[in-house]
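Asker: sharing a sequence plus its predicted fold:
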Amino acid sequence: MTTEQKKYTAPALEKGLDIIELLSSEDVGLSLSDIARSLNRSVSEIFRMLAVLEQRGYVAQDITSGRYVLTTYLFEIAHRLPIVRRLTSIAGPRMAMLAREIRQSIHLGIITNNEVLVVGQTDSPSNNVLSVRLGAKIPLWSASSGRVIMAFLPPDEIDRIFSEAPLPEGTTREELEKDLAKIRAEGYEVRDSFMVRGIVNISAPVLDHSGVAIAALTVPHIERIGEEIEFQTCVDRLRETARDLSIGLGAGNNAPAN
């Protein structure tokens, strides 16, 4: 951080934000002493901050373990942002219709803080369902959504993310740039899931009026025995839905081609 950036400080606010950022990376939460130790603060000052954060609804204490965890309040606040609210409100009916047609689950992801955040989720009407939890945060390079969005970002934004987001082990920037160029040329991505064996991800970008990706629609495709809906049909319909959503957000001629 530069001297100019540190010109103004608010120690109490910084402590609160430090706690929120720390808890955001912990699935099962942390105890009071763990938080104090991680932030190199005294237990008493962390206790006071946690008390305020709990009163405001940002954190909660697990009754059984005594650990502090983030609530969904930050996620709810994020959904008040005009672009996210508009995106999810327009996408919801389209995702529900697509799920009924192809009998697959669909999720809508955006990039925030160099991670993929799932802001929309619709389950398949079939008995066998693979879904991604609403509000889930996924490492950027471990999500087809992240790769697809990256492929349709301005070059300076791509450079920034490359410099900040850790690359997958054993992968070079050059290899990833080739992947992004291929996605950009084809307009979508079909590839094996990074997380679950036997699942094939189908992902397409959602573009704004300038042709920049603001989100991605993704189907974690399950192959069911006796499935009557062909895989290519799922690909085609997902791409059509992503294009329709882009047009609904003002993409016009910049909407992804099918």
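Answerer: On my side now, so go ahead. Numbers count the residues shown, from 1 in each chain.
Asker: any idea how far residue 32 lies from residue 42?
Answerer: 11 Å (CB to CB, to the nearest Å). Using the backbone N, CA and C atoms, a C-beta is placed for each residue, glycine as well.
Asker: the two: who's more crowded?
Answerer: For residue 32 versus residue 42, neighbours defined as other CB atoms under 10 Å are more numerous around residue 32 (16 against 10).
Asker: which residue of the protein sits farthest from its center?
Answerer: Distance from the centre of the chain peaks at residue 44, with 34.8 Å (CA atoms, centre = their mean).
Asker: sticking with that one, tell me its helix or strand.
Answerer: helix 43-55 (DSSP states H and E).
Asker: can you check residue 96 too?
Answerer: helix 82-102.
Asker: what packs against that helix?
Answerer: strand 106-112, strand 115-122, strand 213-221, helix 231-248 (3 or more CB pairs under 8 Å, 6 or more residues apart in numbering; DSSP states H and E).
Asker: now the first one: buried residues?
Answerer: So the one you mean is strand 106-112. 106-111 (16 or more other CB atoms under 10 Å).
Asker: next one, pLDDT for the closest residue to residue 95 other than its chain neighbours please.
Answerer: In space, residue 95 comes closest to residue 122 once its chain neighbours are excluded; the distance is 4.2 Å by CB to CB, 6 or more residues apart in numbering. Confidence at residue 122, expressed as pLDDT, is 93.
Asker: hang on, residue 122 packs against residue 97?
Answerer: No: applying CB atoms under 8 Å as the test, residue 122 and residue 97 come out as separate, 9.2 Å apart.
Asker: so for those two, which sits in the more crowded spot?
Answerer: Neighbour count, other CB under 10 Å: between residue 122 and residue 97, residue 122 has more, with 22 against 14.
Asker: run a quick neighbour tally on residue 156.
Answerer: Residues near residue 156, counting by other CB under 10 Å: 8.
Asker: between the two ends of stretch 108-116, how far is it?
Answerer: Distance across stretch 108-116, first residue to last, is 10 Å (CA to CA, to the nearest Å).
Asker: can you give me how far that stretch is from the chain middle?
Answerer: How far stretch 108-116 lies from its chain's middle: 3 Å, per CA atoms, centre = their mean, to the nearest Å.
Asker: ok, now stretch 45-60?
Answerer: Distance of stretch 45-60 from the chain centroid (CA atoms, centre = their mean) equals 26 Å.
Asker: cool, stretch 225-245 as well?
Answerer: For stretch 225-245, the distance to the chain centre is 22 Å (CA atoms, centre = their mean).
Asker: please name the nearest non-neighbouring residue to residue 168.
Answerer: residue 141 (4.9 Å).
Asker: list the residues that contact that neighbour.
Answerer: Residue 141 makes contact with 147, 165, 167-168, 171, 176, 194, according to CB atoms under 8 Å, 6 or more residues apart in numbering.
Asker: are we agreed that it is in a helix?
Answerer: Yes: read with DSSP: H, G, I helix; E, B strand; the rest coil, residue 141 is one of the residues of a helix.
Asker: do you know the pLDDT at it?
Answerer: Residue 141 carries a pLDDT value of 91.
Asker: how close does it get to residue 46?
Answerer: 33 Å.
Asker: output the below-cut-off pLDDT ranges for the stretch 151-258 of the chain.
Answerer: Along the stretch 151-258 of the chain, the parts satisfying pLDDT under 70 run over 254.
Asker: for it, just list every one of the strands.
Answerer: For the stretch 151-258 of the chain, applying DSSP state E, counting those that start in this stretch gives strands covering 189-192, 200-207, 213-221.
Asker: so what secondary structure elements neighbour the first one?
Answerer: Packed against strand 189-192 by the contact rule (3+ CB pairs under 8 Å, 6+ apart) you find helix 144-151, strand 200-207.
Asker: residue nearest the centroid of the protein?
Answerer: residue 117 (1.8 Å).
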